[in-house]
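*Asks:* dropping a prediction and its sequence here:
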Amino acid sequence: MLNIENLHASIENKKVLRGINLKINIGESHVIMGPNGSGKSTLASIIAGKKEYKIDKGNIDFLNQNLKNLSPEERAYLGIFISFQYPIEIPGVSIINFIKTAVNSIREARNIKKMSSKDFLEKIKEKSSLLNIEKSFFYRSLNDGFSGGEKKRNEIFQMMMLDPLLSVLDELDSGLDIDALRIVAKGINFFRKKNNSVLIITHYKRLLDYILSDYIIHILYKGKIIQSGDKKLAEKLEEKGYDWIIKNKIQYKK
Ligand code: ADP
Ligand code: MG
Ligand code: MG
């Protein structure tokens, strides 16, 4: 589904990603962990197609299409959803209108007819009860004055309404209390299906304790994936810390 080859990328002439190789197949869940500043959010921004971030070298394909020449909207129409670490605030636009517009513009781009108001409301009802979201929430302005937990829950809700093929979640778990974390994890587990893929970017292992454990984890350090593995690698990381992996890797290389 997503194929990243030897990706080098920079922001404001600063090299951040230095040769990323990452292949995500349909139905897989991948996790990226790494110390602050290692380039996790930069990778999410590159997948999203944010203009400020520049690809210096390498390739990034989604469903065998080169993403380089596609706008962020075109990427969304292809089925890519990105939840950013700091979600945007749009005062004056209600959540319900924002999501309805997003759902229908994706459908339009795919030549699917607009969702009827009845179907839309039914879908909202189903997803919101799963995420413990109250009805009044949908009439508030997008992220305006939301608590950290509300913002993150809204991101998961958007993901479920849009039903993307690839969902990239950047630090969706940061700053959440345990109840909010559980709800977010429940949303992710519910979303995961055979025909979609997830890339979870996180700083802490705690979210991983609540999601289905068949994920592939990658450690990003100074713009490179220095190690990949399964759940056991996440456990080792929790126990021994990044320093251990980094040191271990450097010794191993000698
Ligand atoms: P992470 O998400 O792993 O914490 P980031 O991708 O946010 O790391 O940042 C990687 C590096 O790129 C950092 O050194 C950061 O300072 C730099 N960087 C990220 N965004 C910008 C920006 N908009 N302008 C300048 N430097 C940036
Ligand atoms: Mg960071
Ligand atoms: Mg980040």
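*Replies:* Received the coordinates, thanks. Ligands and ions are numbered 1, 2, ... in the order given.
*Asks:* quick one: the helices in the stretch 1-150 of the chain, in order.
*Replies:* 40-48, 72-78, 95-109, 117-130, 148-162 (DSSP state H, counting those that start in this stretch).
*Asks:* mind exporting the third one as PDB, just the C-alpha atoms?
*Replies:* Going back to what we said before, that points to helix 95-109. Coordinates of each C-alpha in helix 95-109 appear next as PDB, following Å, rounded to 0.1, in the frame of the first residue of the first chain:
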ATOM      1  CA  ILE A  95     -17.500  19.600  13.600                       C
ATOM      2  CA  ILE A  96     -20.600  18.200  11.900                       C
ATOM      3  CA  ASN A  97     -20.300  20.500   8.900                       C
ATOM      4  CA  PHE A  98     -16.600  20.000   8.600                       C
ATOM      5  CA  ILE A  99     -16.900  16.200   8.500                       C
ATOM      6  CA  LYS A 100     -19.900  16.200   6.200                       C
ATOM      7  CA  THR A 101     -17.900  18.300   3.700                       C
ATOM      8  CA  ALA A 102     -14.900  16.100   4.000                       C
ATOM      9  CA  VAL A 103     -16.900  12.900   3.600                       C
ATOM     10  CA  ASN A 104     -18.700  14.200   0.600                       C
ATOM     11  CA  SER A 105     -15.700  15.700  -1.200                       C
ATOM     12  CA  ILE A 106     -13.900  12.400  -0.900                       C
ATOM     13  CA  ARG A 107     -17.000  10.600  -2.300                       C
ATOM     14  CA  GLU A 108     -17.300  13.200  -5.100                       C
ATOM     15  CA  ALA A 109     -13.600  12.700  -6.100                       C
END
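*Asks:* buried residues, it. List them.
*Replies:* Across helix 95-109, burial judged by 16 or more other CB atoms under 10 Å covers 95-96, 98-100, 103, 106. To be clear about C-beta, it is placed using only N, CA and C from the backbone, and glycine gets the same treatment.
*Asks:* and the angle from that helix to helix 148-162?
*Replies:* 30 degrees (axes from the mean of the first three to the mean of the last three CA atoms, to 10 degrees).
*Asks:* so what touches helix 95-109?
*Replies:* The contact list for helix 95-109, computed with CB atoms under 8 Å, 6 or more residues apart in numbering, reads 73, 76-77, 90, 113-115, 120, 124, 137-142, 154, 157-158, 161-162.
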